[in-house]
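# Got a predicted structure here, sequence first:
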Amino acid sequence: MAPWLPPTVAAVLTFLGVGPAVLVVLLLFDDRHKPGVLWFVVTMVLGGVWALLVGTFTLLRSPEATLALANVFWAVIPTTSVAMFLFVYEYVGTKPPRRSLVVGLFLPVAVLFVLSWWNPQNLIYTQAYYVDAAGILHYPQFGGPVKVLVVKVYGYLLVSLATGMLLGEAIRTTGTRRRQVVYLLFVFTMLALATLVKVAGFVPVYFYPTPMVFSLSGLAFAVSTQQHGFLKTATIAREQAFEQVEDAILIASSDGKVLDANRKATDLLGPDVVSEELSSVLRAHRETEIDADPGIVSIRRDGEVRYYSVKESPVTHYRGTQGRVVVLTDVTAITNRQQDLELFKEVISRIFRHNFRNRLNVIAGYAELIQSDADGDTEEYASFIRSSAEELIATTRKTKDVGQLFTDEQVEPLSLDQAVDNAVASLEPEGTPSSISVDVPAVWVTAHPKLDLAIRELVENAIVHNDRTDRATVDIYASVEDEWVTLFVEDDGPGIPQLELQVLDAEEETDLSHGSGIGLWLVHWIVKRSNGDLVSRTTPDGSRIGVRLRLASRSDSRE
């Protein structure tokens, strides 16, 4: 009686498993460096080789050629089990398999392959293993002990362990990650059923459905990988991203496509956000001018604009960066507070610049008129009023300088001697008589653009607060050491009170310990933003304060 499936037809059907395996390699070859993909490709290649070997030795009529190909075939089966195990090991884990583990897993297969060529003491094949006159390979269910141990016990054990890892992952995870794992479990189940059909004898001895099922399911999986990033990013990033479930989280591929989103992200951005371009998603929700800041995005919800900070971090794996985790955190309260503070600063600045300063100028002007027409105590009182008004006017100017200081915090290479010249030239010509000497080398430093304001304040402080002599003497010089330069302002006056320096060190003022003005705070903030240090020393002969800055190259300047 003719078999229901002739050998030639069986061979052709088996060869059909080669095509999908080749397509898988072509689809995923460029992604082989991504986690899990390499061993998946290896597994699919082995499935294709499996199908090619079975189809070929089924068609051959030469017993010798059939037995030679069969030796390779029996080694391919457990090799496929090893590759499947390594694929799942890498897919579930976060660390690569150690080289020693890989070598150890393939060692039993190598032993089987070597021994199969001379079959010592029937360790591989028994007497029931032969090729008939039609060229069909016949073999018992088990065979020699080594073949049973490697092909049956060892191979099935590895597949069972891989299945167990996937079951654990399915129980432990949720959402897209769980769907991915369930799909892999489905593939494993189909392979098990195909193997069961073969073992139960439902198909002829020369037909193997396993490689066909193997390749077709693998092809479907590969297409999913290409289209949806199945193995590329979401598999690694899921746990990392959803540790921060208080925020809206998006997982994007390396080419910018959104692969996954948590529930808060879909509530915020819409259920169709997955598969969209990340840049398009963020751009579509920009509402106000504050979005000029790339780290802030505004989204209108229920008629209200809310602000979210956008934080991106790479999804990394030992094979490299696979994509990005984008976290949107609601910062509406902070942003509104910042906007209110900016408005408050503008209002206060305008009040100081116009109302307060203009009135002080009026007071100083009238005090000067009174002083010029009066004598005795009246002249002294008018002089005091005038000097107090002028001090407050100077404070308003310094307050404006402070406002400008916080709008530009970038350091840049500056010419130190030029900054000193600018500072000295900007001093008011009127006031306490003084003698200023400058001996600063032509060096470049890395500092805040407002460095000359700090130098001017130090020189001005040395002149104005010098009550020891009729003519203040100020020496400005610098000392270069290694990669640093220290600019010194030395005078013959009383120096900066220790209380002032303690307040600067603490970076806070209280009712019991407050400085005499904003000038030294201006110096402190400029030096701090220049990544420098303030050093001071007071002696019976005067005081010296230094600004320590890092040297820079002139070629680094913006000029």
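Cool, got the structure. Residues are numbered from 1 along each chain as shown.
# For residue 165, give me its contacts.
Counting by C-beta atoms under 8 Å, 6 or more residues apart in numbering, residue 165 touches 88-89, 92. (Glycine included, C-beta is placed from N, CA and C.)
# ah, wrong one, I meant residue 455
419-420, 423, 476, 487, 489, 547.
# let's see it at 6 Å
Listed by C-beta atoms under 6 Å, 6 or more residues apart in numbering, the contact set of residue 455 reads 420, 423.
# Please provide the alpha-carbon coordinates for whichever helix or strand residue 310 is part of, formatted as CSV.
Residue 310 belongs to strand 304-317 when assigned by DSSP states H and E. In CSV, the C-alpha atoms belonging to strand 304-317 read as follows (Å, rounded to 0.1, in the frame of the first residue of the first chain):
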residue,chain,number,x,y,z
GLU,A,304,-6.1,73.6,31.4
VAL,A,305,-2.5,73.8,30.3
ARG,A,306,-0.2,71.7,32.3
TYR,A,307,3.6,71.5,32.0
TYR,A,308,5.7,68.4,31.9
SER,A,309,9.5,68.0,32.1
VAL,A,310,10.8,65.6,29.5
LYS,A,311,13.7,63.4,30.7
GLU,A,312,15.3,60.9,28.3
SER,A,313,17.6,58.1,29.2
PRO,A,314,19.1,55.5,27.0
VAL,A,315,18.0,51.9,27.1
THR,A,316,21.3,50.1,27.3
HIS,A,317,22.3,46.5,27.0
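# Paired strands for that strand, with orientation please.
In its sheet, strand 304-317 lies beside strand 296-301 (antiparallel), strand 320-330 (antiparallel), with partners assigned from DSSP bridges.
# could I get the ones you listed as JSON lines with distance to residue 522 and mean neighbour count?
JSON lines is the format used below for these (distance: least, C-beta to C-beta, whole Å; neighbours: other C-beta atoms under 10 Å):
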{"stretch": "strand 296-301", "distance to residue 522": "30", "mean neighbour count": "16"}
{"stretch": "strand 320-330", "distance to residue 522": "34", "mean neighbour count": "19"}
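# what would the ones you listed look like in CSV with distance to residue 482 and mean pLDDT?
Output for the strands paired with strand 304-317, formatted as CSV (distance: least, C-beta to C-beta, whole Å; pLDDT from 0 to 100):
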stretch, distance to residue 482, mean pLDDT
strand 296-301, 41, 80
strand 320-330, 38, 79
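# right, so of these, which gets closest to residue 125?
Closest approach to residue 125 among these (C-beta to C-beta): strand 320-330, 45.2 Å.
# Run through the stretch 251-400 of the chain and note the low-pLDDT ranges.
285-294, 316-322, 344-345, 347-355, 395, 398-400 (pLDDT under 70).
# now do 80
In the predicted model, the stretch 251-400 of the chain carries pLDDT under 80 at residues 254, 282-295, 300-304, 315-322, 335, 338-361, 366, 371, 373-376, 386-400.
# Do you have the helices of it handy? List them.
263-269, 278-283, 332-350, 357-373, 376-405 (DSSP state H, counting those that start in this stretch).
# repeat for the stretch 51-200 of the chain
Along the stretch 51-200 of the chain, the segments classed as helices by DSSP H, counting those that start in this stretch run 63-92, 99-115, 145-147, 155-172, 175-199.
# So which of the contacts of residue 165 sits lowest on pLDDT?
The lowest pLDDT within the contacts of residue 165 belongs to residue 92, with 83.
# and it, how far is that from residue 190?
20 Å (C-beta to C-beta, to the nearest Å).
# cool, and residue 27?
Taken as C-beta to C-beta, the spacing of residue 27 relative to residue 190 amounts to 20 Å.
# Could you single out the most deeply buried of the helices of the stretch 51-200 of the chain?
helix 63-92 (a mean of 21; mean count of other C-beta atoms under 10 Å).
# and the angle for that helix with helix 99-115?
Interaxial angle of helix 63-92 relative to helix 99-115 (axes from the mean of the first three to the mean of the last three C-alpha atoms, to 10 degrees): 170 degrees.
# now helix 63-92 against helix 155-172, angle please.
Going by the same axes, to 10 degrees, helix 63-92 makes 20 degrees with helix 155-172.
# Counting by contacts, list what helix 63-92 packs against.
helix 37-59, helix 99-115, helix 155-172 (3 or more C-beta pairs under 6 Å, 6 or more residues apart in numbering; DSSP states H and E).
# Output these in JSON lines, with distance to residue 371 appended to each entry.
Listed next are the helices and strands packed on helix 63-92 as JSON lines, based on distance: least, C-beta to C-beta, whole Å:
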{"stretch": "helix 37-59", "distance to residue 371": "87"}
{"stretch": "helix 99-115", "distance to residue 371": "91"}
{"stretch": "helix 155-172", "distance to residue 371": "85"}
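# closest to residue 413 out of those helices?
helix 37-59 (47.2 Å).
# what does that closest one rub up against?
7, 11, 14-15, 17-18, 21, 24-25, 28, 31-32, 66, 69, 73, 76, 79-80, 83-84, 86-87, 90, 206, 208, 211, 214-215, 218, 231.
# Verify the stated contact: residue 446 with residue 552.
Yes. Counting by C-beta atoms under 6 Å, residue 552 is a contact partner of residue 446 at 4.3 Å.
# For those two, indicate the residue with more neighbours.
residue 552 (21 against 18; other C-beta atoms under 10 Å).
# State the pLDDT value of that one.
Taking residue 552 on its own, its pLDDT is 88.
# From residue 106, how far off is it?
57 Å.
# what's the answer for residue 307, then?
Taken as C-beta to C-beta, the span from residue 307 to residue 106 is 55 Å.
# Likewise for residue 276?
Distance from residue 276 to residue 106, by C-beta to C-beta: 43 Å.
# per the record, what domains does the protein have?
7-232, 237-330, 333-407, 409-559 (automatic domain parsing).
# Run a quick neighbour tally on residue 418.
14.
# quick one: it is in a strand?
No. Secondary structure of residue 418 (DSSP: H, G, I helix; E, B strand; the rest coil): helix, not part of a strand.
# if I look at it, how far off is residue 455?
11 Å.
# same deal with residue 126?
Residue 126 is 97 Å from residue 455, by C-beta to C-beta.
# can you pull the contacts of the most centrally placed residue in the chain?
Nearest to the mean C-alpha position of the chain, by C-alpha atoms, centre = their mean, lies residue 313 at 3.0 Å. Residues near residue 313 by C-beta under 6 Å, 6+ apart: residue 325.
# redo that, cut-off 8 Å
324-325, 327.
# cool, residue 152 as well?
Neighbours of residue 152 in contact, by C-beta under 8 Å, 6+ apart: residue 142.
# re earlier: for residue 253, find the nearest of the helices and strands packed on helix 63-92.
Here helix 37-59 is closest among the helices and strands packed on helix 63-92 (C-beta to C-beta), at 13.3 Å.
# what angle do the closest one and helix 99-115 make?
Using the same axes, to 10 degrees: helix 37-59 against helix 99-115 is 10 degrees.
# distance between helix 37-59 and the chain's centre?
From the chain centre to the centre of helix 37-59 is a distance of 39 Å (C-alpha atoms, centre = their mean, to the nearest Å).
# and it, average pLDDT?
Helix 37-59 comes out at a mean pLDDT of 87.
# and the angle for it with helix 175-199?
20 degrees.
# give me the element residue 26 is part of.
Here residue 26 is assigned to helix 18-28, by DSSP H and E.
# If we go by neighbour counts, what in that helix is buried?
Applying a neighbour-count criterion of 16 or more other C-beta atoms under 10 Å, one finds 18, 20-21, 23-25, 27-28 buried in helix 18-28.
# mind listing what residue 139 touches?
By C-beta under 8 Å, 6+ apart, the residues touching residue 139 are 125, 128-129, 205.
# I figured residue 443 hits residue 480, correct?
Yes. Assessed by C-beta atoms under 8 Å, residue 443 is found in contact with residue 480 at 6.4 Å.
# These two - which one has more neighbours?
residue 443 (17 against 12).
# For the more buried one, give me the pLDDT.
At residue 443, the pLDDT value in this model is 93.
# so residue 148 touches residue 140, yeah?
No. In this structure residue 148 lies outside contact range of residue 140 using C-beta under 8 Å: 9.9 Å.
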